[in-house]
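Q: Just a sequence and a predicted model for now, questions to come.
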Amino acid sequence: MKISIFTPVHRSDQAAVEYVQAAFVSLRRQDTPPHEWVILLNGDGLKLKLPSTILSTSWVKVLSADHTGNIGRLKQQAAYTCTGDV
């Protein structure tokens, strides 16, 4: 079974970078790491500079979204992008 996780990111400040890094560390530590992690950059998040350790990981996919102001639409876009069974 292929596991997909998605994370919308709406900010580009240091707190956003730390949030994504903490999520990455947590996902790597899981007994069953995800087979795919979709990071969906939106709004100010489009300016976010992610560390190369995250960008070079084979199971991480970084996408950009139009700023819609609608979290439901962003989650739907991320979910459609995921290729996992769960």
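A: Yes, it's here.

Q: Nearest to the middle of the chain, which residue? Look it up for me.
A: Ile39 (1.8 Å; CA atoms, centre = their mean).

Q: Could you say which helix or strand holds Gly72?
A: helix 71-81 (DSSP states H and E).

Q: For that helix, which helices and strands make contact with it?
A: Packed against helix 71-81 by the contact rule (3 or more CB pairs under 8 Å, 6 or more residues apart in numbering; DSSP states H and E) you find strand 4-9, strand 36-41, strand 60-64. Just so you know, the C-beta spots here come from the backbone N, C-alpha and C atoms, and that holds for glycine as well.

Q: same thing but 7 Å
A: With contacts taken as 3 or more CB pairs under 7 Å, 6 or more residues apart in numbering; DSSP states H and E, helix 71-81 sits against strand 4-9, strand 36-41.

Q: Deepest in the core, which of these is it.
A: strand 36-41 (a mean of 22; mean count of other CB atoms under 10 Å).

Q: Show me what it is packed up against.
A: Packed against strand 36-41 by the contact rule (3+ CB pairs under 7 Å, 6+ apart) you find strand 4-9, strand 60-64, helix 71-81.

Q: what separates the helix or strand just after that strand from the chain centre, distance-wise?
A: For strand 36-41, the succeeding helix or strand toward the C-terminus, using DSSP H and E, is helix 52-55. Taking the mean of its C-alpha atoms, helix 52-55 sits 12 Å from the chain's own mean (CA atoms, centre = their mean, to the nearest Å).

Q: can you check stretch 49-59 too?
A: 11 Å.

Q: now swap in stretch 54-74 and tell me
A: That offset, for stretch 54-74, works out to 5 Å (CA atoms, centre = their mean).
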